[in-house]
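> Could you look at this predicted model? Sequence included:
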Amino acid sequence: MTTEQLVCELARLLPDHSIAPVLNRLGIRSARGQTWTQLRVRNFRGAHQIPVYREGERAERHELILGEAANRLGVSKMTVVRLIRGQGAGPPFETPSLFASILGTATRIYCESTIANL
C-alpha cells in the first residue's frame, strides 16, 4: 500500500493530528525523510486531493468501532477480535444480517486500530 493510499484510508477515519502519529509509528517518512506532523499531513492531503476527515462521517457510513460492535453484539471486545480473526464460529444471533453488518464494519475499524497501535 502506498503512502497516498494509506493516508486516503486514514483520512476517512481520523483527523490530520491523529494520522501523523499513525504514520510515524509505522515508520513511514515524508518524501523528504521527515517525520509526520499535522501540517505535513494536511499539505500531503492537499497535494494529493484527499478529502479532509469530517466529524460524524463514520456514523453516516454506519461504521462502528470495536467497543461499539461488542456492545451491539452483547459480547466482549476480545470475542469480536476473535470473530474477525476467524477464531470463532460466531455467536448464534437471531438476526444474522445484523451480525454480518456489525462484524464487517468492526473488521475495518479493528484493522485500522491495529495499524494505529503498532
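Great, that's in hand.

> going forward, measure contacts between C-alpha atoms and count neighbours the same way
OK.

> What's the separation between Thr3 and Pro15?
Taking C-alpha to C-alpha, to the nearest Å as the measure, Thr3 falls 16 Å from Pro15.

> neighbour-wise, which of these two wins?
Per other C-alpha atoms under 10 Å, whichever of Thr3 and Pro15 has more neighbours is Pro15, with 17 against 14.

> measure Arg58 to Ile65 for me?
Separation of Arg58 from Ile65 (C-alpha to C-alpha): 9 Å.

> same question for stretch 11-21, mean pLDDT?
Averaging pLDDT along stretch 11-21 gives 88.

> looking at it, Thr37 is touching His17, isn't it?
Yes - counting by C-alpha atoms under 8 Å, Thr37 touches His17, with 7.1 Å between them.

> More neighbours: which of the two?
Neighbours of Thr37 and His17, each counted by other C-alpha under 10 Å, are more numerous for Thr37; the result is 18 against 15.
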